Every structure is written in structure tokens, then in C-alpha cells.
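Peer 1: sequence first, predicted model second:
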Amino acid sequence: MKRIDGEGIALLLDLDDCTGCFGCESACRETHRYPYDEDWMKTERRAPFLVDGKLRQYHLVAPVLDKCRACYNDDPNPLCVTGCPAGALKIGSLMDMVREAEGRHCTIFTA
Ligand code: SF4
Ligand code: SF4
């Protein structure tokens, strides 16, 4: 995984919206048909925890960013993003994703 350096593309995950449904993982596999011993996108469901007396549950997705960069170059609207039922995933330039994340609970992955 590369450090954030202001260049390249980024994937944004809205932690409040993601339901951990595994849809992006399936969409990536469906799109690229890679072998079953590879994972280009992995969803990790996390246990709930309390913040200021409120229950939160933040799941995580783990993209292989070199694959995402090539994928995005082929199709700027990959199925992992367009197929997310919660609209929790976005892809674009790092600057655009940083703007999108403003005021939201997000994770940004950069490639
Ligand atoms: S990002 Fe979307 S498709 Fe992926 S696990 Fe979260 S809700 Fe499901
Ligand atoms: S951008 Fe492409 S390679 Fe990356 S997780 Fe989505 S479908 Fe897979």
C-alpha cells in the first residue's frame, strides 16, 4: 500500500454507510475473475463498539491498490463502486476523495 502523496487515484470508504455486505469483494471478483487463492478486494466485518454511549460498527474494505489503479484506468466506474448497495465506496483522484470525505467518517486508500 502506498503512502498518501497527493498523486494517483484513491478509494474512499464511508464508515458510517458501509454495512459490510461483501458486495464490493464479490463485484471485484466478478469483474476480474482472478484465481480463488487471490484477493484483490477483501471485506472485513468488525465487531460493534461503544463511542460516547452510542453503538458503532465500522467495517473495513481492503483493496489491492495497484490492481485498482489499472482497473480505474480501464473503467472509471468499476462495479465495486457502482454496485455498492449503500453507496459507501467511491473512486477518483485523491484530491476529489479528500473533498468528498470532508465532515464524514471515511477511510481513504491511495494508489
Ligand atoms: S463498501 Fe459497499 S459493497 Fe463493500 S461491504 Fe461496504 S456496503 Fe458492501
Ligand atoms: S477498483 Fe477494480 S480492482 Fe479495485 S476493488 Fe474495485 S473492482 Fe476491484
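Peer 2: Done, it's in. In this text, all values refer to a predicted model and were calculated from it rather than measured experimentally. Ligands and ions are numbered 1, 2, ... in the order given.
Peer 1: quick one, phi/psi of residue 63?
Peer 2: phi -80, psi 150 (degrees, to the nearest 10).
Peer 1: beta partners of it?
Peer 2: Note on residue 63: beta-bridge partners residue 41, judged by DSSP bridges.
Peer 1: touching, it and residue 11? I think so.
Peer 2: Yes: here residue 63 reaches residue 11: they are 5.4 Å apart, a contact under C-beta atoms under 8 Å. No exception for glycine: its C-beta is placed from N, CA and C like everyone else's.
Peer 1: kindly list the main-chain dihedrals of residue 91?
Peer 2: Residue torsions, per degrees, to the nearest 10, at residue 91 are phi -140, psi 140.
Peer 1: actually, residue 60.
Peer 2: Backbone torsions for residue 60, taken as degrees, to the nearest 10, come to phi -130, psi 140.
Peer 1: quick check: residues of this protein near ligand 1?
Peer 2: Those residues of the chain that sit near ligand 1, judged by C-beta under 6 Å from any ligand atom, are 13, 18-24, 43, 61, 84, 86, 88-89.
Peer 1: which among these end up buried?
Peer 2: Buried by 16 or more other C-beta atoms under 10 Å: 13, 18, 20, 23-24, 43, 61, 84, 88-89, out of the residues of the chain next to ligand 1.
Peer 1: let me know the secondary structure of residue 30.
Peer 2: With DSSP: H, G, I helix; E, B strand; the rest coil as the basis, residue 30 sits in helix.
Peer 1: returning to that earlier point: okay, and which of the residues of the chain next to ligand 1 map to helices?
Peer 2: Of those, the ones assigned to helices by DSSP state H are 23-24.
Peer 1: any idea which of the residues of the chain next to ligand 1 is closest to residue 110?
Peer 2: Checking these against residue 110 with C-beta to C-beta, the nearest one is residue 13 at 12.4 Å.
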